[in-house]
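>>> I need the structure of the sequence given here:
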Amino acid sequence: MTEPNSVPTSVPNRAPDSAQNLAVVINTRSPGVTEVVLNRPEKRNAFDDVIIGQLIAAFEQIGQDSSTNVVVLRSEGKHFSAGADLGWMRRMADNSQQENLNDSRQLARLMSVLNSLPQPVIGLVQGAAFGGAVGLAACCDIVIATEQSKFCLSEVKLGLIPAVISPYVVRAIGERQARRYFLSAEVFDADQACEFGLVHIVATDNDDLQTRCDQMLQQLAGNGPQAMGAAKALIFAVSQQPLSADVIEDTARRIADIRVGQEGQEGLAAFLEKRAASWVPEDQH
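Take a look at the predicted model:
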């Protein structure tokens, strides 16, 4: 695996505390692959309003970066994320309803920005993924977790609800599982998460987690970057929509548009000429 080149996120209005500034880091994992790393292992990568703001800025920055074809979301340390930071929750408890609403809107914005990134997003989960961290996983396109990973929608234990993550989590695990785990706050493991649809691949340990990620990155590297973005947009366009004339017409227009585009033309030409397309890495030719 290529050693990442770490650079801090370019985040506006960040706190003066240097430790906070490095709580979210952007790495170049390999050409075309950008990592967003939660870097608070001493806090079990729990997030607060500052980190939420940094994550939003990082994802918005990457979403506009034409050199990034795939995004990897991961964390340093033993745990993916323990959810909300206790200090943040204490502050919110003393805040007004309007202040709490403003905080909640920021978390909702984070989930929306991550979910709608144009690039494929691979989420790597180790250790605990509790509360809002389950929402982060649900917003990723492909999730790889270790056998030791534990998931929990723990909000009701605190007298709260998993409100802003619910649209993404319910889509990932289905209403039936949500009706159990939203209410029970039971811990479930990676194999169960895989059965529910939240996790796609279960790795044996952290080393295998990185190996599985590299394998998936190699798989994605053979695909047209623009086509992957268009395929992701297609899913959002047709998911849970009635099979109407408008939907059918929209899908016809989408494939027609991409066929006449530069990448579509190159992909078809490469197939007919029995050669690798221009975007395929040299080691896959």
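
>>> which stretches of the stretch 1-150 of the chain form helices?
Secondary structure of the stretch 1-150 of the chain (DSSP state H, counting those that start in this stretch): helices at 18-21, 49-63, 86-94, 97-115, 132-138.

>>> In the third one, which residues are buried?
Going back to what we said before, that points to helix 86-94. 88, 92 (16 or more other Cβ atoms under 10 Å). In short, each C-beta sits where N, CA and C put it, glycine included.

>>> what helices or strands is it leaning on?
Packing contacts for helix 86-94, counted by 3 or more Cβ pairs under 8 Å, 6 or more residues apart in numbering; DSSP states H and E, involve helix 97-115.

>>> Indicate which one of the helices of the stretch 1-150 of the chain is closest to residue 77.
helix 132-138 (12.9 Å; Cβ to Cβ).

>>> so how far is that closest one from its chain's centroid?
Counting by Cα atoms, centre = their mean, to the nearest Å, helix 132-138 is centred 8 Å from the centre of its parent chain.

>>> before we move on, what about stretch 256-276?
For stretch 256-276 - counting by Cα atoms, centre = their mean - the centre lies 29 Å from the chain centre.

>>> is it true that residue 279 touches residue 224?
Yes: contact criterion Cβ atoms under 8 Å: residue 279 and residue 224 qualify, at 5.9 Å.

>>> shared neighbours, the two?
Residues touching both residue 279 and residue 224 by Cβ atoms under 8 Å, 6 or more residues apart in numbering: 263, 266.

>>> more crowded one of the two?
residue 224 (22 against 18; other Cβ atoms under 10 Å).

>>> Quick check: closest non-adjacent residue to the more buried one.
Nearest residue to residue 224 in three dimensions, chain neighbours excluded: residue 263, at 4.8 Å (Cβ to Cβ, 6 or more residues apart in numbering).

>>> I figured that neighbour hits residue 229, correct?
No: the pair residue 263 / residue 229 is not scored as a contact, 10.0 Å apart, by Cβ under 8 Å.

>>> tell me which element the nearest residue to residue 238 once chain neighbours are set aside is part of?
Residue nearest to residue 238 in three dimensions, not counting chain neighbours: residue 247, with 6.0 Å by Cβ to Cβ, 6+ apart. Assessed by DSSP states H and E, residue 247 sits inside helix 245-260.

>>> List of residues touching that helix?
Contact with helix 245-260 is made by 226, 227, 230, 234, 237, 238, 241, 264, 265, 268, as judged by Cβ under 8 Å, 6+ apart.

>>> Next: stretch 225-240.
By Cβ under 8 Å, 6+ apart, the surrounding residues in contact with stretch 225-240 are 32, 69, 116, 118-120, 141, 171, 220, 247, 250-251, 254, 258, 261, 263-264, 267, 279.

>>> Likewise for stretch 75-82?
Stretch 75-82 is contacted from outside by 37-47, 74, 124-133, 136-137, 149, using Cβ under 8 Å, 6+ apart.

>>> if we can go back for a sec, so which of the contacts of helix 245-260 sit within helices?
Of the contacts of helix 245-260, the ones assigned to helices by DSSP state H are 226, 227, 230, 234, 237, 238, 264, 265, 268.

>>> Let me know the distance separating the fifth one from residue 138.
If I follow you right, that is residue 237. 19 Å (Cβ to Cβ, to the nearest Å).

>>> Same question for the last one.
Counting by Cβ to Cβ, the gap from residue 268 to residue 138 is 35 Å.

>>> Between these two, which has more neighbouring residues?
Taking neighbours as other Cβ under 10 Å, residue 268 and residue 138 compare with residue 138 leading, 23 against 12.

>>> Please consider this matter closed, and thank you.
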